[in-house]
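Asker: Just to be clear, the model below is a prediction. Sequence and coordinates:
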Amino acid sequence: MPVDLGVELLGVHLRNPLVLASGIWGSAAGTLVRAARAGAGAVTSKSCSLEPRTGHHNPTVLPWGHGLINAVGLSNSGALAERDELARARAGLAATGAALIASVFGETPRTFAEAVDIIAAAGPHIVELNISCPNVESEFGRPFAHDPLAAAQVTAAVRAVYRGPLLVKLSPNASELLAVARAVVAAGADGLTMGNTLGPGMLIDLDARQPILSNRVGGISGPALRPIAVRCVYELAAALDVPIIGTGGVASGRDALEMVMAGATAVGIGSALYAEGDAVFGRVLAEMARWMEERGVASLDEIRGCARV
């Protein structure tokens with residue numbers, strides 16, 4: 001039986017629910033197009049800020065047996081350079097049918113808005129506000145994703161300059177996750193990305209007797225995060241009627257379908273690319289389709305959120 005893996009995300013049709021998550025592959029136009037050609041239904045650029053950032057010194061990413069720990073530090077070339085690169089990506093993606101999601105962060109609501117205003121000129125299908133990176137608290141203070149009022153202020157500031165489809169990327173670390181989600185939706189978010197890395201955590205080099213990462217601590221991603229991400233998606237989908245990109249540790253068709261059953265509209269893939277490369281998209285899609293065919297499930301709409309019934 002043929003199955004339909006297509007989904008609608010904020011008014012944008014995706015040929016399938018798999019989304020290249022922000023950060024793992026950067027923002028180079030060629031890289032984003034490569035992910036689309038490999039099978040991603042949408043691709044998300046690495047988060048960019050109004051001004052360039054160098055980020056943290058190496059080592060910044062380390063596999064640790066159950067996923068990755070990273071403290072890249074939001075390095076990027078700044079909104080003006082990112083705008084031009086994303087414009088090239090948008091042109092290259094036209095032949096693939098994949099959507100472009102532009103990820104943006106800032107130090108204040110104003111810098112979020114100014115960066116989005118610049119990036120919007122590249123014509124992304126969707127903008128994602130990254131308010132939840134756990135690796136820069138020492139520089140920026142408490143992440144916006146931990147405070148409903150601060151998160152709403154960022155969302156409202158961006159809404160004042162950008163009227164297109166808008167996602168807000170939340171944090172599994174937030175003690176008031178539902179309150180933050182409700183606040184950003186009330187302030188104008190059309191949907192949510194759930195979520196970012198967990199932590200920060202730490203690994204220590206026994207011989208050096210020092211933390212391995214140059215930043216000392218970093219966010220945890222990969223398989224160890226997945227049960228927490230699924231729970232967060234489940235809770236958000238039960239409480240709010242908005243699309244959610246479920247992200248965190250997805251590495252198989254069963255993982256992706258679990259996110260859909262929790263209530264996700266689309267499913268992000270990030271850390272799995274570190275070990276497998278872009279082949280992960282085709283494999284996950286094939287596994288999803290096979291599971292659905294074997295059980296007579298014609299479309300993802302039939303099972304979305306079914307775990308909550």
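Answerer: Arrived safely, thanks for sending.
Asker: Quick check, pLDDT for the closest residue in space to Pro63 that isn't next to it in sequence.
Answerer: Once flanking residues are discounted, Pro63 sits nearest to Tyr274: 6.7 Å by C-beta to C-beta, 6 or more residues apart in numbering. (Glycine included, C-beta is placed from N, CA and C.) Note for Tyr274: predicted pLDDT of 90.
Asker: Centre of the chain to the helix or strand hosting Tyr274, how far?
Answerer: Per DSSP states H and E, Tyr274 falls inside helix 272-276. In terms of C-alpha atoms, centre = their mean, to the nearest Å, the centre of helix 272-276 is set 16 Å apart from its chain centre.
Asker: And it, what does it pack against?
Answerer: strand 61-63, helix 279-295 (3 or more C-beta pairs under 8 Å, 6 or more residues apart in numbering; DSSP states H and E).
Asker: same thing but 10 Å
Answerer: strand 61-63, strand 68-70, helix 279-295 (3 or more C-beta pairs under 10 Å, 6 or more residues apart in numbering; DSSP states H and E).
Asker: and of those, who's closest to Ala186?
Answerer: Nearest of those to Ala186, taken as C-beta to C-beta: strand 68-70 at 31.8 Å.
Asker: ranges for the helices of the stretch 201-309 of the chain?
Answerer: 226-239, 253-262, 272-276, 279-295 (DSSP state H, counting those that start in this stretch).
Asker: What residue in this structure is the furthest from its centre?
Answerer: No residue in the chain sits farther from the centre than Asp207, which is 35.1 Å out by C-alpha atoms, centre = their mean.
Asker: I'd like to know how far that one sits from Ser214.
Answerer: Taking C-beta to C-beta, to the nearest Å as the measure, Asp207 falls 16 Å from Ser214.
Asker: Repeat that for Arg231.
Answerer: From Arg231 over to Ser214 (counting by C-beta to C-beta), the distance is 32 Å.
Asker: and His13, what element?
Answerer: Assigned by DSSP H and E, His13 falls in strand 12-14.
Asker: for that strand, packing partners?
Answerer: Counting by 3+ C-beta pairs under 10 Å, 6+ apart, strand 12-14 packs on strand 7-9, strand 99-104.
Asker: And what about the residue lying closest to Phe112 once chain neighbours are set aside, helix, strand or coil?
Answerer: Among residues not flanking Phe112 along the chain, Gly106 sits closest, at 3.5 Å (C-beta to C-beta, 6+ apart). Using DSSP: H, G, I helix; E, B strand; the rest coil, the three-state assignment for Gly106 comes out as coil.
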